[in-house]
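> Provide a 3D model corresponding to the input given below.
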Amino acid sequence: MQLTSVRIITGDVDRLTSFYEQVTGLVASRPAKQFAEFAGGPATLAIGSAETMALFSAGAAVPESNRTVILEFLVEDVDREFARLRPLLAEIVQEPTTMPWGNRSLLFRDPDGNLVNLFAPQTEEARARLAR
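Numbering: from 1, shown residues only. Predicted structure coming up:
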């Protein structure tokens, strides 16, 4: 089994797509008005409108209600990304901090309230875990 995609359901695809284009530096592909995706690396970040959930099952996902999942992006320099993104971020949860497991980490919320972590391994042990 292979994880291929994480999808955020939102009430405003354009707003969230624009936010993640600024965060990632990638341009989203937009195969439909109600859907966007960022392909980069082994998994894709997808953004779908709440109306797309009617194709699955009504109420299966509710926009802006997540407080359990963290979207994590590997970056080269957490502090540089923080300086670049700070004007864009409405809610900073944790400024850049080196965690006990060896990653430097920045936590913030996207416009829908989803938690985002930008991280970079700082120790040999952390780099080795990432290389697995």
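> so what touches stretch 1-15?
16, 33-37, 42-50, 52-53, 61-64, 69, 71, 110-112, 114 (C-beta atoms under 8 Å, 6 or more residues apart in numbering). (Each C-beta comes from the backbone N, C-alpha and C, glycine too.)
> PyMOL command to pick out the buried ones of these?
A single PyMOL command selects the buried members of the contacts of stretch 1-15 (16 or more other C-beta atoms under 10 Å):
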select buried, resi 16+35+36+37+45+46+47+48+49+50+52+53+61+63+71+110+111+112+114
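> which ones among the contacts of stretch 1-15 are found in helices?
If you go by DSSP state H, the contacts of stretch 1-15 have L16 in helices.
> domain assignment for this structure?
As given by automatic domain parsing, the domain ranges for the chain are 1-56, 67-132.
> bridging residues for F119?
L74, S105 (DSSP bridges).
> where in the chain is pLDDT low?
For the chain, the stretches with pLDDT under 70 are 55-59.
> can you pull out the strands in it?
Applying DSSP state E to the chain gives strands spanning 5-10, 29-32, 35-40, 43-49, 70-74, 91-98, 103-109, 115-121.
> any chance of a markdown table for those strands, columns distance to R80?
Compiled in a markdown table, the strands of the chain are given as follows (distance: least, C-beta to C-beta, whole Å):
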| stretch | distance to R80 |
| --- | --- |
| strand 5-10 | 25 |
| strand 29-32 | 27 |
| strand 35-40 | 18 |
| strand 43-49 | 21 |
| strand 70-74 | 13 |
| strand 91-98 | 10 |
| strand 103-109 | 10 |
| strand 115-121 | 10 |
